[in-house]
Each structure stands twice: as structure tokens, then as C-alpha cells.
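**Student:** missing the sequence, but the structure's below:
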């Protein structure tokens, strides 16, 4: 059951990974920009509401005109009706007709005057008009817009052919209707009663072709804007992809080469001209790669040094063991056993120090630093130091600082190892009767620990190399192999892990001797 769940989770993770690789950064930039343009394109559909409002305004306008003209006709003398209708029809660009209660047409503004509009036959128009009407129908279909009923010219022009006229005559109120002309333009009718006592009704009909022209003009303008916005969006997307995705792809390829490790030196682009986040990422990747390369080189050098240092005691041990089989002299055998014992002890020291060196960085990175009073820490270490110094007839002097004045953030056990290594070296190199001086003090933002001895000092050319791994400069007369050569290397690593610095220089108040100076960032009290 658990294996099935893990398998399904693995398949889901692989599917998500395939999806993420399918949708590159370029695709996402394009998608975001095109989505913004798509929102703009959606405004095309809002033209339908604009058309509805425009058509509704024209219908309301026709109803108002019908009411006004009906009152004008009511107020005019019967013999003036025909001329009045012709004049008002030309002014309003509509056709005006008056029907009686019996349904007969009493007067018509087109009688004796030119028509104010002409219904067009789509068959006789050019293909461009057909294409435009097809586009109109396409938009209507997308929007789900229902077209008005078609206008069919009545066979007999009587009152009963116009339902809105009958409704106006029956209710004594204005009535209107919207139909679709053969070419798709709106055909508007509005009816208003003229004389209630005579039961007459005025019918106004118009074909406002400009409604569709206005809609098409607005739609064309908006379409041009959308196309321009789409083109600009595509260009901006390509520009963003070039300035963002391309350098990221270069950085990804460089990181892949670093991961594969096929080349000793991998060139990670620095992108010095970039001052944005990508430039910061490039420089961070470059620095990380250099640091990683240094760590790899350091690890390889450390492995080579370890191999070299382990070979010497192993060769001596092998030689002594092989000789034991052929030597019968008890004294000589005892000497060989002493060699074996010393080599085993040396190997043990080497392995312990190598193990500590290899895990030192990792342990320091995980350590929780606390406030450490270096003056108090040195006081706790004085007793074993004095016992060690007494064996070599060396004196110790410690200038105790004021409590809480030499405080740093660190790990006490590691700092004790640093102090112990330096003081042990000072005691080892000091002649009998010599003096080792220890001081800890805060100077400005730094906290210093100074350890001075009366030994021969450190030559200038060796003041850097003494901190290298397996480098050993021991005083004359000391047993060979007593030290692994890693003490000062471990000391320097611990100090640098505490953001500190260690150096060695000549004593300022004596002709000889070494002066170790360790500086740490101080802590405000």
C-alpha cells in the first residue's frame, strides 16, 4: 500500500516536472501579456451593449418625433396635412403616414416628395457588404444576440398591416417596433394617435443606417487597437524573454556544467552590465562556483596530503614488522616494538586530527554561538597550562582583563582548542626559564588575544605556511612524530569560522620570540 502511494506520488511529481518544463519562462511571459490583450479583446463584445443603447435611443427618438408630429398634425387644418407631412418627413428623414379608423391610409409624406430613405437589396450590393454582414452575424452568434424580426413590406398598405399603429390607436398612447431591414440595418416604426375624436393614427417609419455604420467603425477602431496591442505585447514578451529567459538559460547551462563536473574551469557569466536581480544572481552563482571549486581543490589537496602523511608511518610500521621476523636479539626486538608503538600512536593522532579537520567546517556551520568571555575562558585553562609549562621550567603570565570586557560570540569548546594550541606551541618553543605572556583585551570593535613567547620566533617566509595542513616546525630535541602538523591549521579554521583572523609577528619588546595575535569581532556589552 505504501509502495503504491509512493509510486503515485512519484508519477505526480514527474508529471508536474514535465508540465513545468513545457511551460518555459518565455511561454509564461507571453501568456501573461496575451491575457492582458485578451481582456482588451473582450471589450469587443461590449460593443453589443453600445449597439443596444444606440438602437434604443433611436427608437426613443422616433417615439418622441411621432408624438410631436402627431400633435402638429392635430393642430393643423386638414388641408395643410399633406404639405405638413411632406415637410416634416424631409426634416426628420422618415416616412410619415396617417391612417383612419377604418384602416385606410389618409395621407403619406412620400406622395409628391422624394423618399427619405431607401431599403437596399443585399443581392445587388458588392461582396464587401456581404463579408461585413457575415462578420456582423458572426459576432451576433458569438454573443448569442437575437436579431429583430425581418421587415416584410405589406401587400396592402393599410392600418392592419402595422400592429404598433393598431396598438397606438387602441390605447391612445405611443407604440413602437424594431425590425430588421433586408440588408440587416434597423427598421424603426413609431405610432401616435392624432385626433382621438376622429380616430386617426400617425405612423413614422425610418431606416437609420448610420447605427450599423457607427458600430462597425467602433469595432474596426477597437480591432486596430487590439492588433497593435497584441503586436506590442508580443514584442515586449520577446524583449523580456531575451533579457530574462536568455541569461537565465545561460546560467542554468553553466550550473549544469558545474554539476556534471566535466570541465576543470567552468565559466559562469558574470553579466557585469546587468544591475538588476539577474545580475545579482549571476554574480552570486559565479562566486558560489568559485567557492565550490576552491572547496573541491582544497578537498583534493587535503586527500593528497593525508595520503602522503599516512604513507610515512605505514612504511615505517611495515619495515619494523617485517624486521621483527628476522631479528632474534631481544634488545633490538624491543627497539623495533617501540618503533611500532610510536608509529601506531602517530597514526592514531593523525586519524583523530584528520577526522576533526574534515568535519570542522560542517560543525561550525551548525554550531549555536553564545557569548563567551575570553578572560574567564583563559582563567579556566590556566591550571593545565601551568602544569605543562612547569615540566619545561617555563613561566606563564596572564594579564586578566576586566570582567565582561573581552566578550565575543562563539563556541567555548572550539575557542578553548584554539587557545590551547597556541599556548602549547609557545610553551614548546620557549627555552627553560622563558616566559609566555597571555593577554585578552577589547580595542574598538575588535577583541584581541595576544600570546607571546621567548622562543626563536617564526621566520618571515614561514609565517603563512605554518598554518598549512601537515606543516610542522618543531623545536630541536622534540620527539619526531609527536605532532600531526594539523594543530595550527585547525586553529586557523576555527578562528575564521568565528569571523576572526590570526597572524604571527615578531615581538616588539624583545630581540626574539613569536607573537600570535588573534582578533575577533567584539560584542557590545
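**Tutor:** Perfect, I can see it now. Source: prediction; values computed, not measured.

**Student:** wait, a strand at residue 398?
**Tutor:** Yes: according to DSSP: H, G, I helix; E, B strand; the rest coil, residue 398 belongs to a strand.

**Student:** report the contact partners of it.
**Tutor:** Residues in contact with residue 398 (Cβ atoms under 8 Å, 6 or more residues apart in numbering) are 378-379, 382, 437-439. Where you see a C-beta, it was placed from the backbone N, CA and C, and this is true even at glycine.

**Student:** redo these as TSV? Include pLDDT.
**Tutor:** Listed next are the contacts of residue 398 as TSV, based on pLDDT from 0 to 100:
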residue	pLDDT
378	89
379	90
382	90
437	91
438	91
439	90
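
**Student:** tell me which two of those sit farthest apart.
**Tutor:** Pairwise distances across the contacts of residue 398 (Cβ to Cβ) peak at 15.1 Å, for the pair 379 and 437.

**Student:** where do the strands sit along the stretch 51-200 of the chain?
**Tutor:** Assigned by DSSP state E, counting those that start in this stretch, the strands in the stretch 51-200 of the chain fall at 95-99, 105-108, 175-180, 186-193.

**Student:** TSV please, covering the ones you listed and showing distance to residue 160.
**Tutor:** Listed next are the strands of the stretch 51-200 of the chain as TSV, based on distance: least, Cβ to Cβ, whole Å:
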stretch	distance to residue 160
strand 95-99	9
strand 105-108	11
strand 175-180	14
strand 186-193	13
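
**Student:** count of neighbours near the closest residue to residue 503 other than its chain neighbours?
**Tutor:** Leaving aside its chain neighbours, residue 503 sits nearest to residue 517 (5.6 Å; criterion: Cβ to Cβ, 6 or more residues apart in numbering). Here the number of neighbours of residue 517 (other Cβ atoms under 10 Å) works out to 14.

**Student:** neighbouring strands for whatever helix or strand residue 517 lives in, and are they parallel or not?
**Tutor:** Assigning secondary structure by DSSP states H and E places residue 517 in strand 514-521. Its sheet considered, strand 514-521 pairs with strand 446-452 (antiparallel), strand 501-506 (antiparallel) by DSSP bridges.

**Student:** circling back: with distance to residue 344 and mean pLDDT added, can I get the strands of the stretch 51-200 of the chain in TSV?
**Tutor:** What follows is the strands of the stretch 51-200 of the chain, written out as TSV (distance: least, Cβ to Cβ, whole Å; pLDDT from 0 to 100):
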stretch	distance to residue 344	mean pLDDT
strand 95-99	124	94
strand 105-108	131	92
strand 175-180	109	92
strand 186-193	109	94
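
**Student:** so can I have JSON lines of the ones you listed showing distance to residue 141 and mean neighbour count?
**Tutor:** Formatted as JSON lines, those follow (distance: least, Cβ to Cβ, whole Å; neighbours: other Cβ atoms under 10 Å):
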{"stretch": "strand 95-99", "distance to residue 141": "32", "mean neighbour count": "24"}
{"stretch": "strand 105-108", "distance to residue 141": "38", "mean neighbour count": "18"}
{"stretch": "strand 175-180", "distance to residue 141": "15", "mean neighbour count": "18"}
{"stretch": "strand 186-193", "distance to residue 141": "18", "mean neighbour count": "25"}
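
**Student:** these: which one's closest to residue 326?
**Tutor:** strand 175-180 (122.7 Å).

**Student:** give me the contacts around stretch 68-84.
**Tutor:** Residues contacting stretch 68-84 (Cβ under 8 Å, 6+ apart): 85, 88, 92, 96, 98, 106-107, 111-112, 192-195, 201-202, 204.

**Student:** mind redoing it with 10 Å?
**Tutor:** The contact list for stretch 68-84 (Cβ atoms under 10 Å, 6 or more residues apart in numbering) reads 85, 87-89, 91-92, 94, 96, 98, 106-109, 111-113, 168, 174, 190-198, 200-204.

**Student:** what about the residues you listed, which are in helices?
**Tutor:** Judged by DSSP state H, helices contain the following of those: 85, 87-89, 91-92, 168.

**Student:** columns neighbour count and distance to residue 285 on top of these, output as CSV?
**Tutor:** Below are the ones in helices among the contacts of stretch 68-84 laid out as CSV (neighbours: other Cβ atoms under 10 Å; distance: Cβ to Cβ, whole Å):
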residue, neighbour count, distance to residue 285
85, 27, 87
87, 15, 85
88, 19, 83
89, 24, 82
91, 11, 79
92, 19, 77
168, 26, 82
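
**Student:** of those, closest to residue 251?
**Tutor:** residue 92 (72.7 Å).

**Student:** surely the closest one touches residue 188?
**Tutor:** No: the criterion here is Cβ atoms under 10 Å, and residue 92 misses it with residue 188 at 11.5 Å.

**Student:** what bridges to residue 439?
**Tutor:** The partner residues for residue 439, given DSSP bridges, come to residue 399, residue 450.

**Student:** neighbour count: residue 379 and residue 437, which is higher?
**Tutor:** residue 437 (19 against 13).

**Student:** how about the more buried one, secondary structure?
**Tutor:** Per three-state DSSP, residue 437 ends up strand.

**Student:** need the contact list for it.
**Tutor:** Counted by Cβ under 10 Å, 6+ apart, residue 437 has contacts 395-399, 426, 450-454, 507, 509, 513, 515.

**Student:** how near is it to residue 175?
**Tutor:** 117 Å (Cβ to Cβ, to the nearest Å).

**Student:** where along the stretch 351-500 of the chain do the helices fall?
**Tutor:** 374-391, 412-429, 487-497 (DSSP state H, counting those that start in this stretch).

**Student:** tilt between the last one and strand 446-452?
**Tutor:** Angular relation of helix 487-497 and strand 446-452 on a 0 to 180 degree scale: 170 degrees, by axes from the mean of the first three to the mean of the last three Cα atoms, to 10 degrees.
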